[in-house]
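Colleague: Sequence and predicted model, in that order:
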Number of protein chains: 2
Amino acid sequence: MATNSVNINPASTRERLIAAMVDALRTKGFHGVGLTELLLAAQAPKGVLYHHFPGGKSELAVAAIDAVISEITTGLGKLLQRHADPASALEAWMAFAQNKLAGSGFEQGCPLAAIALESTPEDGAIRAALANGFAAIRATLLQTLHSAGIEADRARNLSALIVSAYEGALVQARVAGSVEAMSDTAAALLDLVRMTLPKKTSLTVNPESL
Amino acid sequence: MATNSVNINPASTRERLIAAMVDALRTKGFHGVGLTELLLAAQAPKGVLYHHFPGGKSELAVAAIDAVISEITTGLGKLLQRHADPASALEAWMAFAQNKLAGSGFEQGCPLAAIALESTPEDGAIRAALANGFAAIRATLLQTLHSAGIEADRARNLSALIVSAYEGALVQARVAGSVEAMSDTAAALLDLVRMTLPKKTSLTVNPESL
DNA sequence: TTGACAATAGACTGACCGGTCTATAGAGTG
DNA sequence: CACTCTATAGACCGGTCAGTCTATTGTCAA
């Protein structure tokens, strides 16, 4: 095939399905959306879902998770290399998520956390995708923090905390209909990051500080 | 009535319903459980649910949220007064949740976060219960941290970060089937708390530090 | 004992669930 | 043109969903 036929729509059917699932996960969670609703949003009939994703709803969810993960890691990566200071990049990252949440009337949080908490150990593929995804995000952070002069163990702990704080802050802000808990979280987190980062000198050596 | 009739079961029907909902939220989320399954777990017929909770599943969920919140705040409160050092209390708190998660085969996380992410702005009562609950937990922490000598604004930020970290760490550990992300998170968090706490002296006055 | 009311019990309902199935259309290849 | 294979399309299915309804039981108060 390769030629994408008569697609007037902005994206291929497959991509529209994924986008609709991402959006659904963000707003209502995996079990919160029905297939009918999903297909309506994607402007696609039912058969096409099982054509592209023989595993059905779950397989689509995995694809959605993968898409979100790569979006996050590349976005975060860009932010990290655009800002000289990792702390500023983090600040921008938190602010971005915060604005997205508030700007959507506190509907759009993180698609990953929602499905993570609905999944059971039986949902192997979903959990694996999520676990790999979170690990990838942590790895992105770790690498940056480490090369900014933070010792490896400390950088790993800090990376885990950053991801935890991001997810947890979104949860709190979402239900409160207020950004406060998230901005408070970000403030404390950024304090820590800035404290942990070695003093800005022109040399890049790892000072093995405290 | 007051006399609780012929209840051989450990708790009243109402309490069993709430307990079953709490457990369900912990493991599969609000939309992940069916009423049939829930009632089976609570050993109760359907009519009794709508007798005690005319608002149905949602009203039961609100009651479950309230129950969890008071359990958390009292448990955390006890921990905080049992340990002289707030950081140690926090450490115990994180460890407790971590063990509960791991000990249940990574099924039992936090019931609050799950329903928080499935809820929409239309679920007013649920979101309100959650928002108040998270605020109460933060308030418990704030009060302790402040009276341990941390300046108010800083204590508020730190409290928000602690709750965020707790929730976010549970999410990551859950899907990974490993406690690592959570213990890493806890390590970084405790570092920060210990750094922020004023130097241990024998006097209890609030130094209005920094 | 009787009347009132809370609590228990489960049959029943209509809507919607995820998933299967068959039919058709379109595009590339011989 | 004919064949093939992907993609689109939606009717259809059994099962389950949350919620309603009526009946029964249990326990007080009069």
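Modeller: Received the coordinates, thanks.
Colleague: I'd like to know how many residues surround residue A:46.
Modeller: 11 (other CB atoms under 10 Å in any protein chain shown). (Each C-beta comes from the backbone N, C-alpha and C, glycine too.)
Colleague: what's it in contact with, if anything?
Modeller: For residue A:46, the contacting residues are A:35, A:39, by CB atoms under 8 Å, 6 or more residues apart in numbering or on different chains.
Colleague: Which residue ranges of chain A form helices?
Modeller: Ranges of helices in chain A, per DSSP state H, are A:13-27, A:35-42, A:46-52, A:56-82, A:86-103, A:111-118, A:124-147, A:152-176, A:180-196.
Colleague: other SSEs contacting the fourth one?
Modeller: With contacts taken as 3 or more CB pairs under 8 Å, 6 or more residues apart in numbering or on different chains; DSSP states H and E, helix A:56-82 sits against helix A:13-27, helix A:46-52, helix A:86-103, helix A:111-118, helix A:124-147.
Colleague: redo that, cut-off 10 Å
Modeller: helix A:13-27, helix A:35-42, helix A:46-52, helix A:86-103, helix A:111-118, helix A:124-147, helix A:152-176 (3 or more CB pairs under 10 Å, 6 or more residues apart in numbering or on different chains; DSSP states H and E).
Colleague: can you redo those as a markdown table with mean pLDDT and distance to residue B:105?
Modeller: What follows is the helices and strands packed on helix A:56-82, written out as a markdown table (pLDDT from 0 to 100; distance: least, CB to CB, whole Å):
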| stretch | mean pLDDT | distance to residue B:105 |
| --- | --- | --- |
| helix A:13-27 | 97 | 24 |
| helix A:35-42 | 96 | 29 |
| helix A:46-52 | 96 | 31 |
| helix A:86-103 | 96 | 31 |
| helix A:111-118 | 98 | 15 |
| helix A:124-147 | 97 | 12 |
| helix A:152-176 | 98 | 21 |
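Colleague: returning to that earlier point: select, out of the helices of chain A, the one closest to residue B:135.
Modeller: Nearest to residue B:135 among the helices of chain A is helix A:152-176; the distance by CB to CB comes to 7.3 Å.
Colleague: so does the closest one get close to chain B?
Modeller: Yes. On the criterion CB under 10 Å from any CB of the partner chain, helix A:152-176 is in touch with chain B at A:153-176.
Colleague: Provide a list of residues in contact with the residue nearest to residue A:102 when sequence neighbours are not counted.
Modeller: Nearest residue to residue A:102, sequence neighbours excluded (CB to CB, 6 or more residues apart in numbering or on different chains): residue A:179, at 5.2 Å. Residue A:179 makes contact with A:95, A:98-99, A:101-102, A:106, A:169, A:172-173, A:186, according to CB atoms under 10 Å, 6 or more residues apart in numbering or on different chains.
Colleague: Give the buried residues for stretch A:183-200.
Modeller: Buried positions in stretch A:183-200, judged by neighbour count with 16 or more other CB atoms under 10 Å in any protein chain shown: A:183-193, A:196-198.
Colleague: One more: stretch A:113-133?
Modeller: A:113-120, A:123, A:126-127, A:129-131, A:133.
Colleague: Quick check: end-to-end length of stretch A:115-132?
Modeller: 14 Å (CA to CA, to the nearest Å).
Colleague: And the residue of chain A that's closest to DNA strand C?
Modeller: Going by CB to the nearest atom of the strand, DNA strand C is nearest to residue A:34 of chain A, at 2.3 Å.
Colleague: Surely that residue is in contact with residue A:24?
Modeller: Yes. Between residue A:34 and residue A:24 there is a contact at 9.3 Å, judged by CB atoms under 10 Å.
Colleague: And the two? Which one has more around it.
Modeller: Set residue A:34 next to residue A:24 and count neighbours by other CB under 10 Å: residue A:24 wins out with 24 against 12.
Colleague: Contacts only, for the residue of chain A closest to DNA strand C.
Modeller: Neighbour list for residue A:34: A:24, A:28, A:40, A:57 [criterion: CB under 10 Å, 6+ apart].
Colleague: Against DNA strand D, how distant is the first one?
Modeller: What that stands for is residue A:24. Residue A:24 sits 18 Å away from DNA strand D, going by CB to the nearest atom of the strand, to the nearest Å.
Colleague: so what's that residue up against?
Modeller: By CB under 10 Å, 6+ apart, residue A:24 lies in contact with A:30, A:32-34, A:37-38, A:41-42, A:60-61, A:64, A:111, A:114-115.
Colleague: Most neighbours among the contacts of residue A:179, which one?
Modeller: Counting neighbours by other CB under 10 Å, residue A:169 comes out on top of these with 32 neighbours.
Colleague: per-residue confidence for the residue positioned nearest the centre of chain A?
Modeller: Of all residues in chain A, the one closest to the mean position by CA atoms, centre = their mean is residue A:72, 4.9 Å from it. For residue A:72, the model assigns a pLDDT of 97.
Colleague: OK, contacts around the residue nearest to it when sequence neighbours are not counted?
Modeller: Among residues not flanking residue A:72 along the chain, residue A:137 sits closest, at 6.0 Å (CB to CB, 6+ apart). Contact partners of residue A:137, counting by CB under 10 Å, 6+ apart, are A:69, A:72-73, A:76, A:112, A:159, A:162-163, A:166, B:172.
Colleague: now the closest residue to residue A:159 other than its chain neighbours: how far from residue B:23?
Modeller: Nearest residue to residue A:159, sequence neighbours excluded (CB to CB, 6+ apart): residue A:141, at 3.9 Å. Per CB to CB, to the nearest Å, residue A:141 is found 34 Å from residue B:23.
Colleague: Of the two, which one has the most company?
Modeller: Legend: neighbour count by other CB under 10 Å for residue A:141 and residue B:23, higher for residue A:141 (27 against 18).
Colleague: wait, that one sits on residue A:158?
Modeller: Yes. If you go by CB under 10 Å, residue A:141 and residue A:158 touch, sitting 7.6 Å apart.
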